[in-house]
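[1] coordinates for the following, if possible.
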Amino acid sequence: MDFLVIDDDKTFRDATCLLIDGEGHYAEGACSGELGLTELRDGKFDAVLLDLNLGKEQGLDILPQILQGKPNLPVIIFTAQGSVKTAVEAMRRGALDFLEKPFTREQFHLVIARVQRFHQLNQNIERLELEVKDANAQSPEILLDSNAPSMHAAMDTLLRAAKTPASILILGESGTGKSVVARAVHQHSHLADKPFVTVSCPSLSKELLESELFGHIKGAFTGAQRDHWGRVKAAAGGTLFLDEIGDLPLEIQPKLLRLLQEREYERVGENVTRRAEVRIIAATSRDLQKRVAEGAFREDLYFRLNVITAVMPPLRERPGDLLRFAQHHFKHFAGLCGRRLEGFSEAASAAIRAYSWPGNLRQLRNAVERAVIMAKGTEIELDDLPAELRGQTVAGPGGAETPLEIGSMVSLEQLEEAHLRKVLERTPSLAEAARVLGIDQATLYRKRKKLGALRGP
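    Residues are numbered from 1 along each chain as shown. Alright, predicted model coming up:
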């Protein structure tokens, strides 16, 4: 945790900062209320230790300014003997606790423990608010309730491993719900009340990613204006989720291997070795064995991560889940947008079933959200769906509109006609169209004439 100590007594301020550093936290000092407020604007702190008597300034005047800008920031009041009544008044105004000078190390530990509990409670509240906000759209239960045997196998593996300290590797195409099930594993584990911290490996440069993971000290590189604790520290006691680990830069991989094997790390620019009690869950859409063969991923790191592995099946391999997932998202977005819709038309349902969904769950969610917004009638029609889902449609069994996709319930003649039309539309000449189709121009000419000429040769 990061603490800001605001006290005009340099000796006491420095001693308090050393005490905090000795407990494995970071502390920064400010000699006045004005400088303290500036530090709070420019930096990110988890708690403030504020002296009531700041020379010409009064802590009771600084306290409301702190809480106005950061209402959930815990503030601990320093008070000299004889001013406890004033400290109690400060707590009535929003301070979390107070310490009477001089204090013992044990008294200090009790207050810091309370700050940590307060900080953990706020983190839990933020996590729950985020989960509630997106519960209907990203609920793990929708994945757990899958009809696909491959999904049952994956979730059985993950939930069996959840209550163990073993590292977990989740594989699967982009959009298959890897991050959702990673959080589900955390929620079903013995660490459920501890932090769940995510790091997206491809999102930052090598230098910034290393700092984001392990932290850095002031002056470690250009722009490092103050000490920073990384995500490993933020996840202490909980779960660190490394998303798209297949894109982790090669230079950082030895440090991650050390974290996994020895539970040790150093911040960038620092020689102090620190302990890290975190559970690692990693996910990737990459073929890690291929990355190892290419020299882009360390073999020893791959083996260390590959303790428990589960593969998230793509949506095209789970046809029985498609309409159920679509209905789930439909209810969520219809309620969110205040739309009174009855559901999907027969043609729209057929299009959803027929489409291959290369973007998986994420693409399905976005498509349904768009359809709910664009729907003109009481149902979501085929025209309300994105263009890539609509494609060519013909009258299928029972007269219902059926999208023309490989595997659709249509005749070969209908499928061939749709394919010929698309290729002719997308090629610059009859010769090029014949080459793509693998037939001679004369055959294509006869077929095109049968369809009714779309354009000249």
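
[2] low-confidence ranges in the stretch 101-250 of the chain?
    123-124, 126-145 (pLDDT under 70).

[3] what does the stretch 251-400 of the chain give?
    Judged by pLDDT under 70, the stretches of the stretch 251-400 of the chain that qualify are 391-400.

[4] what about the strands in it?
    For the stretch 251-400 of the chain, the strands defined by DSSP state E, counting those that start in this stretch cover 264-265, 274-275, 279-284, 308-312, 343-344, 379-380, 393-395.

[5] distance to residue 436 and mean neighbour count added to these, as a markdown table?
    Where you see a C-beta, it was placed from the backbone N, CA and C, and this is true even at glycine. Below are those laid out as a markdown table (distance: least, Cβ to Cβ, whole Å; neighbours: other Cβ atoms under 10 Å):
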| stretch | distance to residue 436 | mean neighbour count |
| --- | --- | --- |
| strand 264-265 | 54 | 16 |
| strand 274-275 | 60 | 14 |
| strand 279-284 | 35 | 26 |
| strand 308-312 | 34 | 20 |
| strand 343-344 | 34 | 20 |
| strand 379-380 | 34 | 22 |
| strand 393-395 | 22 | 16 |
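
[6] nearest to residue 195, out of the ones you listed?
    Residue 195 lies closest to strand 279-284 among the strands of the stretch 251-400 of the chain, at 10.6 Å (Cβ to Cβ).

[7] who's in contact with the closest one?
    Strand 279-284 is contacted by residues 165, 167-172, 178-179, 182, 185-186, 189, 191, 238-247, 259-260, 305 when judged by Cβ atoms under 8 Å, 6 or more residues apart in numbering.

[8] just checking: what are the partner strands of that strand?
    strand 168-172 (parallel), strand 239-243 (parallel) (DSSP bridges).

[9] okay, the angle between it and strand 308-312?
    If you take axes from the mean of the first three to the mean of the last three Cα atoms, to 10 degrees, strand 279-284 sits at 40 degrees to strand 308-312.

[10] please compute how far strand 279-284 lies from its chain's middle.
    12 Å (Cα atoms, centre = their mean, to the nearest Å).

[11] and for stretch 230-240?
    14 Å.

[12] still on that earlier bit, adding distance to residue 1, write the strands of the stretch 251-400 of the chain out as CSV.
    Conversion of the strands of the stretch 251-400 of the chain to CSV gives the following (distance: least, Cβ to Cβ, whole Å):
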stretch, distance to residue 1
strand 264-265, 17
strand 274-275, 14
strand 279-284, 20
strand 308-312, 31
strand 343-344, 49
strand 379-380, 49
strand 393-395, 59
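
[13] of all these, which one comes closest to residue 51?
    Residue 51 lies closest to strand 274-275 among the strands of the stretch 251-400 of the chain, at 29.7 Å (Cβ to Cβ).

[14] list of residues touching that closest one?
    24, 233, 263, 264, 265, 266, 267.

[15] residue closest to the middle of the protein?
    Closest to where the C-alpha atoms of the chain average out (Cα atoms, centre = their mean) is residue 198, at 5.6 Å.

[16] am I right that that one is in a strand?
    Yes. Counting by DSSP: H, G, I helix; E, B strand; the rest coil, residue 198 is located in a strand.

[17] just checking, it touches residue 178?
    No. Judged on Cβ atoms under 8 Å, residue 198 makes no contact with residue 178 at a distance of 11.2 Å.

[18] in a strand, residue 50, correct?
    Yes. Looking at residue 50 with three-state DSSP, it is inside a strand.

[19] thinking again about what came up before, closest one to residue 89 among the strands of the stretch 251-400 of the chain?
    strand 274-275 (39.1 Å).

[20] surely residue 199 meets residue 247?
    No. With contact defined as Cβ under 8 Å, residue 199 does not count as touching residue 247 (11.4 Å).

[21] those two: who's more crowded?
    residue 199 (22 against 17; other Cβ atoms under 10 Å).

[22] against residue 285, how distant is the nearest residue to residue 306 once chain neighbours are set aside?
    Nearest residue to residue 306, sequence neighbours excluded (Cβ to Cβ, 6 or more residues apart in numbering): residue 169, at 5.5 Å. Distance from residue 169 to residue 285, counting by Cβ to Cβ, to the nearest Å: 12 Å.
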